[in-house]
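Undergrad: What shape does this take:
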Amino acid sequence: MGSSYEDECRRALAEEQAKSLAETNNWEHVDKAKVHQDWDVLYREVTVLLESGALPGDQQVQELVRRHFDIVCRFYVPSMEAYVGMSLFYAEDEAMRAFHDSHHLGMVEFLGSAIKVFAAQGGGAVVQGGA
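TA: Reported below is the predicted structural model:
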């Protein structure tokens, strides 16, 4: 992934989140406690697959990424570029890295790679189509 594409993803994330925050009174409609509970359950499942040697593109991993994306969509529906931008944010923001790595020290890199596979497949078309 080239740095210009990554810059485009960072920009998409910033623009789309800012627009959504402004339109929803800072995501007032989101049950944030439930979101964090659901992410905690999901990250425990990702950890099991990560520790079992699963690869980011494996179907089981991609199904979990689809669930991650669905949780993100409770805030707003990001473009695939913004979703990849989110994975970059997880890696580059110290607090986000610490949060994700608290589940597993390899979580940020693994999840980031899995999100990039998901985006490259058009947002999980392979998972949805069962192919």
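Undergrad: Which parts of the protein are helices?
TA: 3-23, 32-51, 59-72, 80-92, 94-101, 107-120, 125-129 (DSSP state H).
Undergrad: how about CSV for those helices, with mean neighbour count and mean pLDDT added?
TA: No exception for glycine: its C-beta is placed from N, CA and C like everyone else's. What follows is the helices of the chain, written out as CSV (neighbours: other Cβ atoms under 10 Å; pLDDT from 0 to 100):
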stretch, mean neighbour count, mean pLDDT
helix 3-23, 14, 95
helix 32-51, 14, 96
helix 59-72, 18, 97
helix 80-92, 21, 97
helix 94-101, 14, 95
helix 107-120, 21, 97
helix 125-129, 14, 40
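Undergrad: give the contact list for Leu49.
TA: The neighbourhood of Leu49, defined by Cβ atoms under 8 Å, 6 or more residues apart in numbering, consists of Asp58, Gln60, Val61, Leu64.
Undergrad: again, but for Ala12
TA: The neighbourhood of Ala12, defined by Cβ under 8 Å, 6+ apart, consists of Pro78, Ser79, Glu81, Ala82, Gly85.
Undergrad: repeat that with 10 Å
TA: Pro78, Ser79, Met80, Glu81, Ala82, Tyr83, Val84, Gly85, Met86 (Cβ atoms under 10 Å, 6 or more residues apart in numbering).
Undergrad: Now do the residue lying farthest from the centre of the chain against Cys73, distance only.
TA: Here the centre of the chain is the reference, and by Cα atoms, centre = their mean the most remote residue is Asn25, at 22.4 Å. Computed as Cβ to Cβ, to the nearest Å, the Asn25 to Cys73 distance reads 18 Å.
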